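**Student:** Sequence and predicted model, in that order:
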Amino acid sequence: MDDRREHVSEGRLMAHLDGELAGEPGARVVAHLRRCDGCRERLRELRRASELVGRSLEAIDVPPPETGPGEIREAAASRGSRAGGASAARSDRWTTARRSLLKAAVLVVAVGTAAAAVVPGSPLREWVAGAVGSWSSGPPSDTAATAAAPPDTTRESVSIVVDRRAVVQIVEPAPDLTVRIRSAEGSRLAVTARAERFETGPGSVEVVSPTGAEVVIDLPRGVPSARISVEDRLLLERERGRQTLHAPADTTDGGLRFRLRTSGQQP
Amino acid sequence: MDFEAVFDRHHPAVFRYLQRLTGDPDRADELAQETFVRLLDHRVDPEKVRSWLFTVATNLARDRGRTRSRRRELLEGEETGPEPVATPHEALERSEARRRVRRALDALKPRDRRMLLMREEGFSYAEIAAAVDVADTSVGALLARALDRFEEAYRSRDG
């Protein structure tokens, strides 16, 4: 490159500004800048713009949240992730082992039954016949009970650790729903309700189809930001520690009670 | 990998990057948490964990922005965080400064915005190139143009 006649490309000037040019390419740029007013001016422009970006971004920065690695592990565990749900995984392995054992026991009994059936007059035949009779009327194993009973889809409560913000959203509520919000110590947001399911995320709980008459929310008083709503209806909002009610509520012992009806409208 | 050490070392920068990228501290907090939750489920080379975290964070911010539900929109907060008590004039100036910065960032193409913010976090050109899928040799020129566009939008009296 003829330093006296050719300018440095913008890309190279930028790379030089950011210390990305080393060795001979960097030395050539430095040598050119000594001789070229135009490129020196362009480099100044880029440096000025770079400093502007740095300063102005700092103006919109906010302090980082006080989230710790423990909260991350809890969030992962509540979703049943591999690493965060170690205790859940151990529980699953125990349940699997127990089911395998029971299946083996059933197989042994079945084989014994078949064997007894071919020996007329055998006491074992009578004993097995009696055992089979009792099994058919009342199986003692969890396996059979699990197969017979429908899965329990009615959850009752969930709690999560919250830090700067707590959000509870109630969707598809039953008519005549009462929402009770209690002030709680610590950092756990707890929601109690008979509902189809709960969905949790970092700092948030969604209550889906509460079937009972009441949803109880234990909201940590130390959380600076919170929103509690039923469908599109905001009930309570807290920002920087200041709490605002957006719907009429009774004050009960230790909490607030919102009585809603049908589509979430107040009675 | 020592998750706690990685978290302590990188979480503030990931949060800062997401907050600058999205303009919403609460959403940035959620996305940062999600980023580290995903780290728990992946084996990442310790020497590449920082790049991995920022790539995941960027993808989450992009994807969650596209699929954000109406319910979640109710949960979006404004770009404010805990601030010291200010006079009305100071508060107005601060608000105006934030507005100008957000306007300047919004004037950039999403890729250029990401590149500029990653540069502010000290990533090398090679890392930036890999994150946004451009050639190493293009990074300098793209950043130069992004700086120009940012400055022009920031100093503009319109909007």
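**Tutor:** That came through fine.

**Student:** and the closest residue to B:Pro110 other than its chain neighbours, how many neighbours?
**Tutor:** Nearest residue to B:Pro110, sequence neighbours excluded (Cβ to Cβ, 6 or more residues apart in numbering or on different chains): B:Arg62, at 7.3 Å. The way it works is simple: take the backbone N, C-alpha and C, and place the C-beta from them, glycine included. Neighbours of B:Arg62 under the rule other Cβ atoms under 10 Å in any protein chain shown: 12.

**Student:** confidence score at B:Arg62?
**Tutor:** At B:Arg62, the model reports a pLDDT of 82.

**Student:** From what I see, it and B:Ala131 are in contact.
**Tutor:** No: between B:Arg62 and B:Ala131 there is no contact under Cβ atoms under 8 Å: 11.9 Å.

**Student:** Hmm, A:Ser159 and A:Glu74 touching each other?
**Tutor:** No: judged on Cβ under 8 Å, A:Glu74 makes no contact with A:Ser159 at a distance of 10.0 Å.

**Student:** got a pLDDT number for residue 5?
**Tutor:** I'll assume chain A. Model confidence at A:Arg5, given as pLDDT, is 57.

**Student:** To clarify, I was referring to chain B.
**Tutor:** B:Ala5 is given a pLDDT of 90.

**Student:** next structured bit after the host helix or strand of it?
**Tutor:** Following DSSP states H and E, the helix or strand that holds B:Ala5 is helix B:3-22. Downstream of helix B:3-22, the first helix or strand assigned by DSSP H and E is helix B:25-40.

**Student:** now that following helix against helix B:3-22, angle please.
**Tutor:** Using axes from the mean of the first three to the mean of the last three Cα atoms, to 10 degrees, the inter-axis angle of helix B:25-40 relative to helix B:3-22 is 140 degrees.

**Student:** Who are the packing partners of helix B:25-40?
**Tutor:** Packing partners of helix B:25-40 (3 or more Cβ pairs under 8 Å, 6 or more residues apart in numbering or on different chains; DSSP states H and E): helix A:69-78, helix B:3-22, helix B:49-67.

**Student:** Repeat the analysis, applying 10 Å as the threshold.
**Tutor:** helix A:69-78, strand A:165-171, strand A:188-201, strand A:225-230, helix B:3-22, helix B:49-67, helix B:70-75 (3 or more Cβ pairs under 10 Å, 6 or more residues apart in numbering or on different chains; DSSP states H and E).

**Student:** Output the below-cut-off pLDDT ranges for the chain.
**Tutor:** Because you didn't say which chain, this covers chain A. A:1-5, A:80-155, A:253-254, A:262-267 (pLDDT under 70).

**Student:** Please refer instead to chain B.
**Tutor:** Scanning chain B for pLDDT under 70 picks out B:64-86, B:157-159.

**Student:** Let me see the ranges of the strands in the stretch 101-250 of chain A.
**Tutor:** A:155-161, A:165-171, A:178-184, A:188-201, A:204-210, A:214-220, A:225-230, A:233-239, A:242-245, A:250-252 (DSSP state E, counting those that start in this stretch).

**Student:** So what's the residue count around the residue nearest to B:Arg119 when sequence neighbours are not counted?
**Tutor:** Leaving out its chain neighbours, the residue that sits closest to B:Arg119 by Cβ to Cβ, 6+ apart is B:Leu143, at 6.0 Å. By other Cβ under 10 Å, the residues close to B:Leu143 number 26.

**Student:** how far away is B:Leu143 from A:Phe258?
**Tutor:** Counting by Cβ to Cβ, to the nearest Å, the gap from B:Leu143 to A:Phe258 is 52 Å.

**Student:** Can you give me every residue that contacts the residue nearest to B:Pro110?
**Tutor:** Contacts of B:Arg62 were listed using Cβ atoms under 10 Å, 6 or more residues apart in numbering or on different chains, and they are B:Leu21, B:Pro110, B:Arg114.

**Student:** rewinding a little: check contacts around the residue nearest to B:Arg119.
**Tutor:** By Cβ under 10 Å, 6+ apart, B:Leu143 lies in contact with A:10-11, A:14-15, A:17-18, A:46, A:49-50, B:112, B:115-116, B:118-119, B:125, B:128.

**Student:** Equivalent analysis for B:Ala28, please.
**Tutor:** When contacts are counted by Cβ under 10 Å, 6+ apart, B:Ala28 touches A:62, A:64-65, B:14-22, B:57, B:61, B:79, B:81.

**Student:** one more time with 8 Å
**Tutor:** Taking Cβ atoms under 8 Å, 6 or more residues apart in numbering or on different chains, we find B:Ala28 in contact with B:Phe15, B:Leu18, B:Gln19, B:Leu21, B:Thr22.

**Student:** overlap between those residues and the residues near chain A?
**Tutor:** With Cβ under 8 Å from any Cβ of the partner chain as the criterion, the contacts of B:Ala28 include B:Phe15, B:Gln19 near chain A.

**Student:** residues from the stretch 101-250 of chain A in reach of chain B?
**Tutor:** Counting by Cβ under 8 Å from any Cβ, the stretch 101-250 of chain A sits next to chain B at A:163-165, A:167, A:169, A:171, A:201-204, A:206, A:224-225, A:227, A:229, A:232, A:234, A:239-240.

**Student:** For B:Asp148, which non-adjacent residue is closest in space?
**Tutor:** Excluding the flanking residues, the one nearest B:Asp148 by Cβ to Cβ, 6+ apart is A:Ala49, at 6.4 Å.

**Student:** Would you confirm that the one you found contacts B:Phe150?
**Tutor:** Yes: because the distance of 6.7 Å satisfies Cβ under 8 Å, A:Ala49 is recorded as touching B:Phe150.

**Student:** Between the two, which has more neighbouring residues?
**Tutor:** Using other Cβ under 10 Å, the more surrounded residue of A:Ala49 and B:Phe150 is B:Phe150, with 25 against 20.

**Student:** Pull the contacting residues for the more buried one.
**Tutor:** Residues in contact with B:Phe150 (Cβ under 8 Å, 6+ apart) are A:Ala49, A:Leu52, A:Val53, B:Ala104, B:Leu105, B:Ala107, B:Leu108, B:Leu116.
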